[in-house]
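Undergrad: Sequence plus predicted model, see below.
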Amino acid sequence: MIIQQPPKTGISEFDPWLQRLPEQLANIGNVVNVKDHGAIGDNVHDDTIAINAAIGELNSTTYQKKRFLFEGGVYKVTGALDPITCSEGAIISGYGRRASRIITNNSTADVFSVTLNQSVVFENLGIESSVTKTDGSLIKIDNNGSGSNVGSVFKHLNLIKGYMGIEFVAAHTVRVDDCYVINSAKYGMKIENDAAGDAGDSTIVNSVFDNALSTSTIYCIYQVSSGGLKIIGNKFLHHGWGYVGNFDANTSILLIEGNSFENYGTGGVDISENGATFNKAIINGNQFTCGDGYGVRIADIGQVTIEGNQFTLDLAGAQPIRMNSCSGFFIGGNYFQAAAANEVCIYLADGLTYGRVGINEFTNSTVNPVVDNTSSATVQIDRKQLSASKTWDIPDTADGAVQQTTITVTGAVIGDPVSVGMGPIVGFAWMLAGQVSSANTVTVTALNKTGGNSNPASGTLYVTVMTKQ
């Protein structure tokens with residue numbers, strides 16, 4: 001048998017690497033390797049001059065999206081690196097955040113500074129300081145004198161012991177993905193666009209902000225401007241604030257979803273300084289472990305939704321949610337686990353309008369779930385339904401006489417509305433009424449109006465209490 005071979009058409013359509021071979025070959029000239037300029041990468045030799053020489057080549061030649069490469073090694077930097085200003089953008093990369101590391105011993109200088117409007121990519125690098133920094137950023141992103149740096153990406157980075165990890169001065173629509181930002185002296189990230197304060201839609205995902213420094217003024221993410229922001233799926237281990245928004249009017253949306261804010265003493269999310277204003281803020285599905293600070297503190301936002309979060313209060317004095325001066329809000333479906341009695345879980349301050357507190361879950365019955373100081377008729381606090389049932393065999397009762405029983409309804413307080421029902425006396429001239437007679441106890445009264453003696457069959461008594469949160 002003769003097997004007909006398929007015609008040879010060049011690169012196999014089933015081999016993606018071979019398909020990209022022409023592109024790879026064409027890009028060989030686009031790589032600027034710091035070792036080609038004398039960098040050693042042994043953490044002994046000072047590589048500052050060599051890296052600056054490589055940056056000079058990067059800035060002086062014209063390629064589209066040049067790759068600036070750090071091969072595996074530890075590169076010692078003792079002074080300021082020259083700004084990256086190449087007109088077509090660049091990809092600054094290494095072999096991995098533990099394999100390719102840049103370590104500075106300069107306490108004030110920026111390590112990398114980028115001043116261009118084209119996008120830049122930082123990936124697969126570790127950028128660290130061996131000393132306590134009092135100024136400067138590990139990565140600083142600015143424009144080239146006007147406009148904004150648009151579309152930059154930061155992924156698979158270790159940023160350790162910077163004064164600021166990443167500082168965005170004039171940037172919008174940036175993406176930070178899978179980065180470890182550890183022990184920043186001031187901010188893990190500062191987000192600002194001084195060229196267009198209400199522009200862009202940036203994203204921070206799948207990253208870890210770990211700051212063991214016990215200082216309340218250290219913020220993991222500090223936003224001054226730069227439009228909308230999505231913070232999704234991150235982990236915050238800190239003693240200061242997780243996210244702080246501090247800016248003037250903004251027409252964009254803040255989304256904080258699926259994050260874990262742990263072990264903090266000051267707060268998780270703060271949007272209350274300087275009249276900070278988003279058009280909308282959505283805080284959904286996060287986990288907050290409150291020390292003695294706030295979980296979420298919000299003021300001056302148009303529409304706020306806080307839903308489906310879990311708040312664990314470890315210490316007395318913590319306040320999971322504090323709201324004031326918002327023109328529309330909904331708080332519902334949250335879970336509060338309080339450690340101490342009389343803790344306030346939701347505090348509604350003055351200035352709130354058109355808001356609603358839906359049903360939330362409070363595991364400690366001794367807490368003070370909702371404190372309403374709004375003095376606003378347009379703020380609604382839903383009542384929570386409590387239910388209980390028991391078997392009741394009403395004895396033979398003369399006409400006009402009453403019988404009473406009590407039933408435990410955990411969480412009921414005096415003054416809560418009560419409704420009662422019982423199957424065997426439906427259709428008979430019996431009247432049932434209930435009231436909360438003491439904490440957690442409902443007294444049910446049955447009045448015989450049949451016109452004669454009556455002995456209804458034993459049945460199930462159902463009690464429902466609508467209690468305040």
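TA: Here it is on my side, so go on.
Undergrad: Only C-alpha atoms from now on, for both contacts and neighbour counts.
TA: OK.
Undergrad: thought K235 was touching V208?
TA: Yes. K235 lies in contact with V208 (C-alpha atoms under 8 Å); the separation is 4.8 Å.
Undergrad: if I look at L125, how far off is V44?
TA: Shown here: L125 relative to V44, a distance of 19 Å by C-alpha to C-alpha, to the nearest Å.
Undergrad: go on, L159?
TA: 21 Å.
Undergrad: now swap in K468 and tell me
TA: Using C-alpha to C-alpha, K468 is found at 67 Å from V44.
Undergrad: These two - which one has more neighbours?
TA: Between K468 and V44, counted using other C-alpha atoms under 10 Å, K468 has the larger neighbour count: 18 against 11.
Undergrad: residues touching the more buried one, list them.
TA: 381-384, 416 (C-alpha atoms under 8 Å, 6 or more residues apart in numbering).
Undergrad: Return the subset of these lying in strands.
TA: Judged by DSSP state E, those include 381, 384 as members of strands.
Undergrad: Pipe the contacts of K468 into TSV and attach pLDDT and neighbour count per row.
TA: Compiled in TSV, the contacts of K468 are given as follows (pLDDT from 0 to 100; neighbours: other C-alpha atoms under 10 Å):
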residue	pLDDT	neighbour count
I381	83	17
D382	83	16
R383	81	17
K384	80	17
D416	91	16
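Undergrad: first vs last residue of stretch 223-239, how far apart are they?
TA: 18 Å.
Undergrad: and if you look at stretch 225-240?
TA: End-to-end distance for stretch 225-240: 20 Å, by C-alpha to C-alpha.
Undergrad: quick one: average pLDDT of stretch 418-428?
TA: Here stretch 418-428 scores 78 as its mean pLDDT.
Undergrad: Could you do stretch 218-228 as well?
TA: The average pLDDT within stretch 218-228 is 86.
Undergrad: what's it in contact with?
TA: Stretch 218-228 has contacts (C-alpha under 8 Å, 6+ apart) with 170-172, 184-194, 196-202, 209, 211, 236, 238-248, 250-254.
Undergrad: which stretch of helix or strand covers L58?
TA: Counting by DSSP states H and E, the element that carries L58 is helix 48-60.
Undergrad: C-terminal to that helix, what's the next element?
TA: Toward the C-terminus, helix 48-60 is succeeded by strand 66-70 as the next helix or strand (DSSP H and E).
Undergrad: any idea how far T450 is from D393?
TA: Here the criterion is C-alpha to C-alpha. By it, T450 lies 17 Å from D393.
Undergrad: I'd like the next helix or strand past whatever helix or strand A433 lives in.
TA: A433 is part of strand 430-438 when elements are defined by DSSP H and E. Counting by DSSP H and E, the next helix or strand C-terminal to strand 430-438 is strand 441-448.
Undergrad: I'd like the mean pLDDT over stretch 184-197, please.
TA: Mean per-residue pLDDT for stretch 184-197: 85.
Undergrad: Return the set of buried residues in that stretch.
TA: By neighbour count on 16 or more other C-alpha atoms under 10 Å, the buried set for stretch 184-197 is 184-197.
Undergrad: Out of those residues, which sit inside strands?
TA: Those of these mapping onto strands are 187-191, per DSSP E.
Undergrad: Please work out the average pLDDT along stretch 134-142.
TA: Summarised as a single mean, pLDDT over stretch 134-142 is 93.
Undergrad: Could you do stretch 281-293 as well?
TA: What stretch 281-293 shows for mean pLDDT is 86.
Undergrad: now stretch 362-379
TA: What stretch 362-379 shows for mean pLDDT is 72.
Undergrad: again, but for stretch 98-107
TA: 96.
Undergrad: same question, stretch 457-469
TA: Averaging pLDDT along stretch 457-469 yields 88.
Undergrad: buried residues in it?
TA: 461-469.
Undergrad: Check those residues against G302 and report the nearest one.
TA: Closest approach between the buried residues of stretch 457-469 and G302, by C-alpha to C-alpha: Q469, at 24.4 Å.
Undergrad: is it true that the closest one touches L386?
TA: No. The pair Q469 and L386 fails to qualify as a contact (C-alpha under 8 Å) at a distance of 11.2 Å.
Undergrad: Y187 pairs with what?
TA: Taking DSSP bridges as the rule, Y187 bridges to M164, Y219.
Undergrad: Please report the distance of it from N105.
TA: As judged by C-alpha to C-alpha, Y187 and N105 stand 19 Å apart.
Undergrad: One more: K186?
TA: Counting by C-alpha to C-alpha, the gap from K186 to N105 is 17 Å.
Undergrad: and the closest residue to F362 other than its chain neighbours, how many residues sit next to it?
TA: Excluding its sequence neighbours, the residue lying closest to F362 (C-alpha to C-alpha, 6 or more residues apart in numbering) is F336, at 4.9 Å. Burial measure for F336: 22 neighbouring residues, criterion other C-alpha under 10 Å.
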